[in-house]
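Q: the sequence isn't on hand, but the structure is:
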């Protein structure tokens, strides 16, 4: 680059500055495709949800009126818009498990609660899920648990799905455990689980196998009753 | 776990059912919920304004007053509510904290009032939300600075019985404390000015002599200038040595900026004295004279504005550093570009990149000397961009520095204003309070009068006219009198006694001569009391002043001074006695005078201070032999004195 080069550079710089000035005057609109993103963001934040009436919820769940009132107050306090999206859900759930990473398990939980798969939990989903967990029969609870494990909701729990769930549960423990969590711990745990649950050794667990096996296991039966009086 | 999401804990526990089928071992038992009561509304009555909230809302933060059982202390059984006698406006934000989990700081609220409310309700201010935290911290810092200013004024007060060295240091640091210090201050200022002017005038051409060459004045009147210089340097040296002697910590003083400036100001002279014999280094000697200009910095002791400027620059060090850094970057960039742009043109002044630095600096600061000018088109284009950007780069950090300076300057103004207002404020407060101070004497007089006249009816009337609080306070003072076997009296009686005692026991340095001749009616034998001398800004006067002094002090306290430790060593009934008084109890005591409610001057020893700015007092007694060194306390006492302080209601 000699003199000519510097001249070219100078001219280029001048042209660039000229364009900047033109932009200021609004004469040159830069081609931008995201013109409407700001508007759509605005729309999303305005969405809110009002739950169905108290009587309908009472009919759908096994909670009393007072319990529903108390639940809704807590729910609405945390999520004033009436909807819980996945990020909020993850952050809330992670606060209970500060040592580990609860986001993956929270993701699975979210999917288990969000029954109509619309990406957000409404109060009805929340309260119906809680009703099953706290006031439902053993079978209903087991069915709920199976639904949680069945990530793709196809009615079968494969080893991969179980491994994902197990890994997420172990993730919640964090690094500082005794004995420390080894790489193979989730896998071994899944193997044990499948040995117990999978009757016909076809590599998948169906809902009936699951319920049958759990009903035969006393420990599991006892632990299902553990959280009866949470509310 | 954040208590804000406590509402979701039941949900998290319920969701734990998902782990059950996977677990291999039995689960532990769940904790029982004994107090399974329905959520109920709690009524909080704050000075009449009723707030209602759920019990569980308050239980979210169990380590605060409202969340724990501490609020049971405030429970009112009849109205079934919790009553707090606090500010309802401030309570709003506190209750909102329970509701939303975020504590906000209302901007219209006074920072100390808000702090007190938070402390009362057991909430630490650190959890104020991010939206309000900066404001809170700023206001808090401002308040702290204000308090520090007040404290610095207290430091100004003269500690009685300071050693000569301490007195001198104090005189150096605060020239307005004594006339000597003021004189010294002005003399040094004058000599600094003289020195600077001499340095300047030295170089002015003084008119040609017969050899037709304009000589600078310095060379023409060498002797005169040398004499002036010597005089100034002598003064500065003496000043420096005195400061060094008086400094409480010599090492720290020697490291301080002002002392370094002092040294640098006087060193060239001494080096010059030593070096005139040696011609080799006389060139360096000339350069040393440059350092004489540092004498002008000595003015910063005399000018507060200069000190503020220096302090501002110090506090804006990071902004200045940023300015310097960005300027350097820009200079290098533009110098390089200009050099390469101008490389082609003939007879260009841009011979190298460092040579272009000069052009860039001159252009960016918009000086534009014109000694280096680009000739090519590219050079001109880049040169114009350079000058435009120079303005921007320099303009950016300047407002930060300016705002810093403004803040510090206004702070100083505020401190000065406050100091000026304080006197009148205190005077007004004193007048308001003196009414209550005399009330006790009034009631005593009436009481005694009624006793003498046996007008019990009148007595009752008198007593009814006093409130319960007053009568209890008077009773308390009366008990004190009985305990110490001394009495409160007022001015006239005091002065009567004073005169009598002055005649009898005037220059008495023996411990506790008791002369019982006070005319006032007392229950036990009255000893002469000593009045503690009041702190004064002056040095101890060399002569006793007349006995009639009684300038009132601005006090909100009643003081009784009981002297004579031998007789009253057990009557230490004062409320605010400091522990180090015990060692002084047995020191020599001179005359003792009767106490007075509003303290008059007659001091025998310089002692206690009360932290308020007082007008200078005149003394009525010479100081006695041992100047003890009390500290500045609001409840001070001094040697051999039982000081009792009771605050007037």
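A: That came through fine. Only a predicted model underlies this, so the values are computations on that prediction, with no experimental measurement involved.
Q: please make it C-alpha for all contacts and neighbour counts, starting now.
A: Fine.
Q: below-threshold pLDDT in the stretch 1-150 of chain B: ranges please.
A: B:1-7, B:32-38 (pLDDT under 70).
Q: neighbours around residue B:346, how many?
A: The number of residues packed around residue B:346, counting by other CA atoms under 10 Å in any protein chain shown, is 9.
Q: now do the same for it: helix, strand or coil?
A: With DSSP: H, G, I helix; E, B strand; the rest coil as the basis, residue B:346 sits in coil.
Q: packing partners of the helix or strand hosting residue B:360?
A: Using DSSP states H and E, residue B:360 falls within helix B:353-364. Judged by 3 or more CA pairs under 8 Å, 6 or more residues apart in numbering or on different chains; DSSP states H and E, helix B:353-364 is in contact with helix B:317-341, helix B:377-395.
Q: including distance to residue A:128 and mean neighbour count, could those helices go into JSON lines?
A: Output for the helices and strands packed on helix B:353-364, formatted as JSON lines (distance: least, CA to CA, whole Å; neighbours: other CA atoms under 10 Å in any protein chain shown):
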{"stretch": "helix B:317-341", "distance to residue A:128": "59", "mean neighbour count": "18"}
{"stretch": "helix B:377-395", "distance to residue A:128": "62", "mean neighbour count": "18"}
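Q: same list, the ones you listed, but as TSV with distance to chain A and mean pLDDT please.
A: Formatted as TSV, these follow (distance: least, CA to the nearest CA, whole Å; pLDDT from 0 to 100):
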stretch	distance to chain A	mean pLDDT
helix B:317-341	6	89
helix B:377-395	5	90
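Q: distance to residue A:13 added to those, as CSV?
A: Below are these laid out as CSV (distance: least, CA to CA, whole Å):
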stretch, distance to residue A:13
helix B:317-341, 12
helix B:377-395, 9
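Q: what is the burial count for residue B:358?
A: Counted by other CA under 10 Å, the residues lying close to residue B:358 total 15.
Q: show the pLDDT at it.
A: Predicted confidence (pLDDT) for residue B:358: 94.
Q: phi first, then psi, for residue B:50.
A: phi -100, psi 130 (degrees, to the nearest 10).
Q: beta-bridge partners for it, please?
A: residue B:45 (DSSP bridges).
Q: that one contacts residue B:81, doesn't it?
A: No: at 9.2 Å, residue B:50 does not count as touching residue B:81 under the criterion of CA atoms under 8 Å.
Q: which of the helices and strands packed on helix B:353-364 sits closest to residue B:15?
A: helix B:317-341 (52.8 Å; CA to CA).
Q: report the angle between that closest one and helix B:377-395.
A: Taking axes from the mean of the first three to the mean of the last three CA atoms, to 10 degrees, helix B:317-341 and helix B:377-395 form an angle of 180 degrees between their directions.
Q: and for helix B:317-341, what's in contact with it?
A: A:3, A:6-7, B:350-354, B:356-357, B:359-361, B:374, B:376, B:378-379, B:382-383, B:386, B:393-394, B:397, B:400-401 (CA atoms under 8 Å, 6 or more residues apart in numbering or on different chains).
Q: now stretch A:7-25, how far from the centre of its chain.
A: 50 Å (CA atoms, centre = their mean, to the nearest Å).
Q: now do stretch A:196-203
A: Offset of stretch A:196-203 from its chain centre (CA atoms, centre = their mean): 28 Å.
Q: so what touches that stretch?
A: Contacts of stretch A:196-203 (CA under 8 Å, 6+ apart): A:158, A:159, A:194, A:204, A:205, A:209, A:210, A:213.
Q: tell me the buried residues in the helix holding residue B:360?
A: Across helix B:353-364, burial judged by 16 or more other CA atoms under 10 Å in any protein chain shown covers B:353, B:356, B:357, B:359, B:360, B:361, B:362, B:363, B:364.
Q: closest one of the residues you listed to residue A:47?
A: Distances from residue A:47 to these, taken by CA to CA, are shortest for residue B:364, at 53.3 Å.
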